[in-house]
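Visitor: I would like to see how this sequence folds:
(one chain, ligands or ions: 2)
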Amino acid sequence: MNKYRIVTVIGARPQLVKVAVISNYLKNIPKDQQRIEEIIVHTGQHYDHMLSGVFFEQLNIPKPKINLGIGSGLPEVQLGKMIHKIGEVVREEQPDAVLVYGDTNSTLAAAIVSVQQNLPLIHVEAGERIYRRNQVPEEINRVLTDHASSLCLTVTERAGNYLIREGFHKDRIKFVGDPMFDLFCWGKSKVDQFSDIDFNKMGISAGNFHLATIHRAQNTDSKEILLSLLSALDNSPIPVVLPIHPRVKHLLEKYDWQPSNNLKTIEPQGYFDFLKLLLACKYCITDSGGVTREAFFARKPCIVPMENCWWSQAVESGWAIEVNTDTEKLLSLLEDFPTPQKAREDAFGDGNSAEKIIREVVDFLDQYNGESYWHRSGKFEDLPATRKSDLTFDNYSDLIETLEDSKYRFVEPLQLMDNSSRKVAIVHQVLFNPENSLKTARIENSKGIKACYCLDPETKLDNLFSRDISGMIQEIIHMGHSLGLVVATDMSDKVVSDYIALIENWFKCKVSILFYKDNGLIKALETGSNEFIPVEYLEAELFQNLAGYWQPDHPLKSKAFNEDSSMLLSLNPGWFQPRSETFFETLLKVIDKKEEEISQELTRQTKSDLYQRKKIEL
Ligand code: UD1
Ligand code: UDP
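Guide: Ligands and ions are numbered 1, 2, ... in the order given. Here you go, the predicted model:
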């Protein structure tokens, strides 16, 4: 049974309530069953006693092995210092993994260190998104941390879906539930024991006051927004208690603003005092992610002064209403909050997230072999068809030579109708890689044989009429190869004949066959026949190189080859590569190339638009 050492990096208040849950769970595991040694590193992002020390005391969090004492500062300076110092500690400790919580700068700094030192990163509370970045450093921290993580532990199932949408492999994501819910379930029964808050002294009574917290950049960076929010709270019909975050405290001192009516600002509270206030309040007004969830757990109506918040489950059930900066709406909700529907009980798990987190971490590390699921389709070994295909240009050239040496005659597909033996016809589908079609055409040309190249006029992968691709097809035709069309069986005769006219007109070359992609039917055009000729009537066995492999088998290993009979090779040169490679590698190359082409095209168009605009301006 392996034991693992994990560096857990924390730094701000919301991380202290989360680490409290995990550390206490770990502490209670019997010694002989302990698999995780937790090394707590505190960045010192929060340093005031009421934002940090008090939680260690009240929630019995082990003393950090080190407090880096980074403190406050411009975000990039704060991040830079954190990365530097966390980096030193992690290098010294050589842990098996780094674990982070939530979305603060301390989270991001540790994530960067972890990937720089090639250590697996575990992110608790991964995947939450609001898809809004302006003045929301937390969203940026979340996206970057998730993408650096090897194991994304989510507190809601929805977060997992966001990650899947961003291209994560499902094995990187585990739904564990919210450790804050664990703490809430435990803490609410301890409030009377551990809180000494006195409502009488505060001039409030249970059920007859609102509880507020405000600290987010988007509500505090602008003086106007902050003061209008606080003024609205001050005008509440019943008292509003606001434990004031130091960020806001400093700003109010600077603006010399004080409430004059129903707003009561108090110091930040310890966990139990805050919980007591929450459990006794009428409504909650908060832009805190943690408090929004706790209000939901406590079934307190919650007004969120944000455009949209991460905890959409609370909003959808009606327990939280987002008001952004609309203070009129805020005031009317302070008077009367519409009765919410019944909430989904399990949106944040079942209150046993600590056990699940530790189980997932141990399972992950037991299987960890230095590889992570970086690709959206999983580990490279798990990808479809990771066996290397033997469809190389050299092999194709050898195949032709062997067929020639074995007295095969190369003919047009319709010449496979009569029963004579040892004939082979080649039909190429020019799809997703016309350059490769040109290469196979050259190989055939160098050996003096002809094939039929079928174009798909409906393909969205290539523009057959672009200068480049048209030029390649012209070159193929000039070598003497014939042209066909790939069509679908449900295309009307009118559509097909329009396409034939279009292609013949454009390439100045007769279209000799239609190849029906749905069922391999061939329709002869040269002979004027309107009949479909199913492949089996061609007296030839059909071989294809669909999806990077010969199907049903390699032509030279086939019954047809051994028994002197004829063959129809229906090929997509897109699969041929200079070297043997996997189906997946070939596709990735195609995707990369297409992306590059699209971006070049966009740049070209943008430049030309700008040029046109400039001309108009002039
Ligand atoms: C940080 C997190 C935020 C989280 C919040 C929880 C980032 C980007 N933001 O915001 O996601 O919701 O913590 O509370 O990481 N200050 C003190 N004493 C302290 C700490 C801060 O006075 O102990 C003051 C300083 O003036 C500082 C300001 O608060 O400049 C902001 O602190 P900072 O840690 O940068 O961000 P928070 O607003 O606390
Ligand atoms: N909290 C607290 N005292 C307070 C305000 C908040 O103990 O005066 C707790 C709250 O109960 C929750 C956590 O702090 O558990 C949330 O942290 P915060 O609002 O600072 O950060 P966020 O959740 O917005 O990231």
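
Visitor: Extract the CA atoms of stretch 205-222 and return them as PDB.
Guide: Taking C-alpha atoms only, stretch 205-222 is exported to PDB below (Å, rounded to 0.1, in the frame of the first residue of the first chain):
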ATOM      1  CA  SER A 205     -33.300  39.900  16.600                       C
ATOM      2  CA  ALA A 206     -33.400  36.500  14.900                       C
ATOM      3  CA  GLY A 207     -35.400  36.500  11.700                       C
ATOM      4  CA  ASN A 208     -35.500  40.300  11.600                       C
ATOM      5  CA  PHE A 209     -32.200  41.300  10.000                       C
ATOM      6  CA  HIS A 210     -30.400  40.600   6.700                       C
ATOM      7  CA  LEU A 211     -26.800  39.400   6.500                       C
ATOM      8  CA  ALA A 212     -24.500  40.800   3.800                       C
ATOM      9  CA  THR A 213     -21.000  40.300   2.500                       C
ATOM     10  CA  ILE A 214     -19.500  42.300  -0.400                       C
ATOM     11  CA  HIS A 215     -15.900  42.000  -1.600                       C
ATOM     12  CA  ARG A 216     -15.600  41.100  -5.300                       C
ATOM     13  CA  ALA A 217     -13.500  43.200  -7.600                       C
ATOM     14  CA  GLN A 218     -16.500  44.000  -9.900                       C
ATOM     15  CA  ASN A 219     -18.400  45.400  -6.900                       C
ATOM     16  CA  THR A 220     -15.600  47.200  -5.200                       C
ATOM     17  CA  ASP A 221     -13.200  48.500  -8.000                       C
ATOM     18  CA  SER A 222     -15.700  51.300  -8.900                       C
END
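
Visitor: ok, and what's touching it?
Guide: With Cβ atoms under 8 Å, 6 or more residues apart in numbering as the contact definition, stretch 205-222 has outside contacts at 134-137, 199, 225-226, 229-230, 233, 236, 238-243, 245, 247-248, 251, 263, 277-278, 280-288, 291, 300, 305-306, 325, 334. In this view, the C-beta of every residue, glycine as well, is placed from N, C-alpha and C.

Visitor: Give me the spatial nearest neighbour of the residue in the stretch 201-350 of the chain that ligand 1 sits nearest to, chain neighbours excluded.
Guide: As assessed by Cβ to the nearest ligand atom, ligand 1 sits closest to P246 within the stretch 201-350 of the chain, at 3.1 Å. Of all residues not flanking P246 in the chain, D48 sits nearest, at 5.9 Å (Cβ to Cβ, 6 or more residues apart in numbering).

Visitor: Give me the neighbour count for the one you found.
Guide: Other residues near D48 come to 14 when the count uses other Cβ atoms under 10 Å.

Visitor: Now for the residue lying farthest from the centre of the chain: which residues touch it?
Guide: Each residue of the chain has a distance to the centre, and by Cα atoms, centre = their mean the biggest one is for S420: 57.1 Å. Counting by Cβ under 8 Å, 6+ apart, S420 makes contact with S566.

Visitor: Report the secondary structure state of it.
Guide: coil (DSSP: H, G, I helix; E, B strand; the rest coil).

Visitor: How much space separates it from Y271?
Guide: Going from S420 to Y271 by Cβ to Cβ, to the nearest Å gives 90 Å.

Visitor: Look up phi and psi at the residue positioned nearest the centre of the chain.
Guide: The residue lying closest to the centre of the chain (Cα atoms, centre = their mean) is E166, at 1.6 Å. Phi and psi for E166, reported as degrees, to the nearest 10, are phi -90, psi 10.

Visitor: ok, now the one 5 residues further on?
Guide: For D171, the backbone dihedrals (degrees, to the nearest 10) come out as phi -70, psi -10.

Visitor: try E224
Guide: Per degrees, to the nearest 10, the backbone of E224 is at phi -60, psi -50.

Visitor: neighbours around it, how many?
Guide: By other Cβ under 10 Å, neighbour count at E224 equals 8.

Visitor: Any regions of the stretch 501-618 of the chain where pLDDT drops low?
Guide: Scanning the stretch 501-618 of the chain for pLDDT under 70 picks out 526-531, 607-618.

Visitor: Please enumerate the strands of it.
Guide: In the stretch 501-618 of the chain, the strands defined using DSSP state E, counting those that start in this stretch lie at 511-516, 521-524, 532-533, 540-544, 566-571, 581-582.

Visitor: ranking those strands by burial, who's on top?
Guide: Of these, the one with the most neighbours on average (mean count of other Cβ atoms under 10 Å) is strand 566-571, at a mean of 23.

Visitor: partners of that one in the sheet?
Guide: strand 423-430 (parallel), strand 540-544 (parallel) (DSSP bridges).

Visitor: Can stretch 209-229 be said to contact ligand 1?
Guide: Yes - for stretch 209-229, a contact with ligand 1 is found by Cβ under 6 Å from any ligand atom, at H215.

Visitor: and that stretch, which residues are buried?
Guide: 209-216, 218-220, 225-226, 228-229 (16 or more other Cβ atoms under 10 Å).

Visitor: What's the nearest residue in the stretch 401-550 of the chain when you look at ligand 1?
Guide: For the stretch 401-550 of the chain, Cβ to the nearest ligand atom, closest residue to ligand 1: K460, 43.1 Å.

Visitor: Correct me if wrong, but that residue is in a strand.
Guide: No - K460: not assigned to a strand; according to three-state DSSP it is coil.

Visitor: now the strands for the stretch 201-350 of the chain?
Guide: 210-213, 240-243, 263-266, 284-286, 302-304, 320-322.

Visitor: can you tell which of those strands is closest to ligand 2?
Guide: Comparing these by Cβ to the nearest ligand atom, strand 240-243 comes nearest, at 3.3 Å.

Visitor: which residues touch the closest one?
Guide: With Cβ under 8 Å, 6+ apart, strand 240-243 has contacts from 202, 204, 209-214, 230, 233-234, 262-269, 274, 277, 281, 285, 334.

Visitor: Drop anything exposed from those.
Guide: Buried among these (16+ other Cβ under 10 Å): 204, 209-214, 230, 233-234, 262-265, 268-269, 274, 277, 281, 285, 334.

Visitor: could you pick out which of the residues you listed are near ligand 2?
Guide: T213, P268, Q269, F274.

Visitor: Give me the distance between the first one and M306.
Guide: When Cβ to Cβ is applied, the distance between T213 and M306 equals 12 Å.

Visitor: anything in contact with each of those two?
Guide: Shared contacts of T213 and M306, counting by Cβ under 8 Å, 6+ apart, come down to D287.

Visitor: which one of the strands of the stretch 501-618 of the chain lies closest to S446?
Guide: Nearest of those to S446, taken as Cβ to Cβ: strand 566-571 at 17.0 Å.
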